[in-house]
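**Student:** Got a predicted structure plus its sequence, pasted below:
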There are 2 protein chains.
Amino acid sequence: MAHPIVRFVPNQSTQLNSVFHALADPTRRAVLERLSGGPASTSELAQPFKMALPSFLQHLDVLENCGLVRSRKTGRVRTYQLAPKKLEVAEHWMARQRKMWERRLDQLDSYLEELKEQKR
Amino acid sequence: MAHPIVRFVPNQSTQLNSVFHALADPTRRAVLERLSGGPASTSELAQPFKMALPSFLQHLDVLENCGLVRSRKTGRVRTYQLAPKKLEVAEHWMARQRKMWERRLDQLDSYLEELKEQKR
């Protein structure tokens, strides 16, 4: 009997791990900032950094493996572009945290108001 | 002559490194989510995790060192609370990226519209 095809779909927590890990490095963030301005080739991306090419390519791999960027090879040139859906995953998590925290502050506010009222 | 007091003020990039690194771990994200509901003691925070206490305390240290949480000791109990200013630093970076990317998409849109017009 053939095995059913199991496609690995990373859960949201795994995605958040790899996206936040990718964002925790200044070189990788600089690459993402550069790609916000439009697609770029490996050598265009590497140019501003005083870094050995193999190390720089590892950064690009981290960005591509977590899904923040996509690349395509045409002839000998590999071109990278943003894949911003993954950034949204991280953004949503942070926005949700902030919402919860703001609700907390509102509750504290009403509590302090109540205390003031009672003192009058 | 006395040395002037030099206070270490981490620059924004260093802050982003440490905040994103802290967020890249599911245990640390779960602690932040718990603290969104209000302050909690070390043992309350540790309780849901099947983890040796020293390992768990290291996670709390990472969160406190990067400034995402604050703690205070009263008697033998240490209580943690969110310090959401640092989360904002990371959120702003991501929001800025998204804005740049959306501008890019708008430009692409107008370009495609132009092409369509020319075809008519």
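**Tutor:** That came in fine, so what should we check first?

**Student:** number of nearby residues for A:N65?
**Tutor:** The local packing of A:N65 (other Cβ atoms under 10 Å in any protein chain shown) involves 11 other residues. Every residue, glycine included, has its C-beta placed from N, CA and C.

**Student:** tell me which strands and helices the top helix by length along chain A is in contact with?
**Tutor:** If each helix of chain A is counted by residues according to DSSP state H, the longest one is helix A:85-119. Applying 3 or more Cβ pairs under 8 Å, 6 or more residues apart in numbering or on different chains; DSSP states H and E, one finds that helix A:85-119 contacts helix A:12-23, helix B:26-36, helix B:85-119.

**Student:** swap the cut-off to 6 Å and go again
**Tutor:** Secondary-structure packing of helix A:85-119 (3 or more Cβ pairs under 6 Å, 6 or more residues apart in numbering or on different chains; DSSP states H and E): helix A:12-23, helix B:26-36.

**Student:** Run the angle between the helix or strand of chain A with the lowest mean pLDDT and helix A:26-36 for me.
**Tutor:** Lowest mean confidence among the helices and strands of chain A (mean pLDDT, DSSP states H and E): helix A:85-119, at a mean of 80. Counting by axes from the mean of the first three to the mean of the last three Cα atoms, to 10 degrees, helix A:85-119 lies at 100 degrees to helix A:26-36.

**Student:** Let me see the contact set for the nearest residue to A:G67 once chain neighbours are set aside.
**Tutor:** When the adjacent residues along the chain are set aside, A:G67 lies closest to A:K86, with 4.2 Å between them (Cβ to Cβ, 6 or more residues apart in numbering or on different chains). Each residue near A:K86 by Cβ atoms under 6 Å, 6 or more residues apart in numbering or on different chains is listed here: A:V19, A:G67, A:L68.

**Student:** separation between A:K86 and chain B?
**Tutor:** Between A:K86 and chain B the computed distance is 11 Å (Cβ to the nearest Cβ, to the nearest Å).
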